[in-house]
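Novice: got a sequence here, can you build the structure:
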Amino acid sequence: MELTTERCIIRNMKMKDADDLYQVLSDASVMMYIEQVFDIEKTRCFIQSAGLCEPPLVYAIVWKMTGEVIGHAIFHSYEKNDYEIGWVLNKNYWGIGIADEVTRELIKCARYLGIESCVIECDERQIASKKIAIKNGFAYEDKSDNLERYRLVL
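Specialist: Model (predicted):
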């Protein structure tokens with residue numbers, strides 16, 4: 001898969017993405033509501049198990065201007081005929097609309113694939129993620145173990 005937004009390319013992961021992705025996944029502020037920070041070996045294992053599997057669960061988000069991997073997009077089957085959408089971004093790219101751009105493009109892709117609905121899950125403290133979900137038409141669905149789920153019926 002390769003999708004293009006105004007400033008990014010969303011594409012299949014490559015093992016050579018490990019160093020760039022490590023810069024994201026080793027940052028405690030990025031991982032605060034997700035899980036413990038990754039070391040380089042865990043980053044490589046993540047790429048292998050979630051990015052290089054078939055079908056992939058995550059995709060590289062590449063900054064067009066530099067070719068740098070600035071994070072990853074989550075886009076995979078969730079339950080029945082729906083897909084989970086998400087993102088984890090380098091904090092240097094927070095607050096400039098990248099997550100919103102990625103979300104819009106993944107929604108378009110889901111529509112093209114005939115997916116019935118999309119889901120965004122986020123920690124209840126992730127205010128920015130909730131705002132992006134609502135801005136893109138997702139509605140609050142429920143909460144389980146501090147994770148809030150938002151759904152967009154396509």
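Novice: where along the chain do the helices fall?
Specialist: For the chain, applying DSSP state H gives helices covering 18-25, 28-31, 40-46, 98-113, 127-135.
Novice: now render those helices as CSV, adding distance to I9.
Specialist: Placement of C-beta: from N, CA and C, glycine included. CSV is the format used below for the helices of the chain (distance: least, C-beta to C-beta, whole Å):
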stretch, distance to I9
helix 18-25, 13
helix 28-31, 20
helix 40-46, 20
helix 98-113, 10
helix 127-135, 19
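Novice: I74 is nearest to which of the ones you listed?
Specialist: Nearest to I74 among these is helix 98-113 (8.7 Å), distances taken as C-beta to C-beta.
Novice: need the contact list for the spatially most central residue of the chain.
Specialist: Nearest to the geometric centre of the chain sits W87, at 2.1 Å (C-alpha atoms, centre = their mean). Taking C-beta atoms under 8 Å, 6 or more residues apart in numbering, we find W87 in contact with I61, G71, H72, A73, I74, I98, A99, V102, T103.
Novice: mind checking how far the closest residue to the fifth one other than its chain neighbours is from E41?
Specialist: The shortest distance from I74 to any residue other than its chain neighbours is 3.4 Å, reached at G86 (C-beta to C-beta, 6 or more residues apart in numbering). Computed with C-beta to C-beta, to the nearest Å, the distance linking G86 and E41 is 23 Å.
Novice: where does the protein have low pLDDT?
Specialist: Within the chain, no stretch falls below the threshold (pLDDT under 70).
Novice: related to what we said a few turns ago, closest one of the contacts of W87 to T5?
Specialist: V102 (6.4 Å).
Novice: G86 and E41 - which one has more neighbours?
Specialist: G86 (22 against 10; other C-beta atoms under 10 Å).
Novice: beta partners for Y150?
Specialist: Note on Y150: beta-bridge partners by DSSP bridges are I120, Y140.
Novice: I meant F75, not that one.
Specialist: Per DSSP bridges, the residues bridged to F75 are I85.
Novice: pull the contacting residues for it.
Specialist: The contact partners of F75, by C-beta under 8 Å, 6+ apart, come to M1, I10, L57, V58, Y59, Y83, E84, I85, G86, L106, C109, A110.
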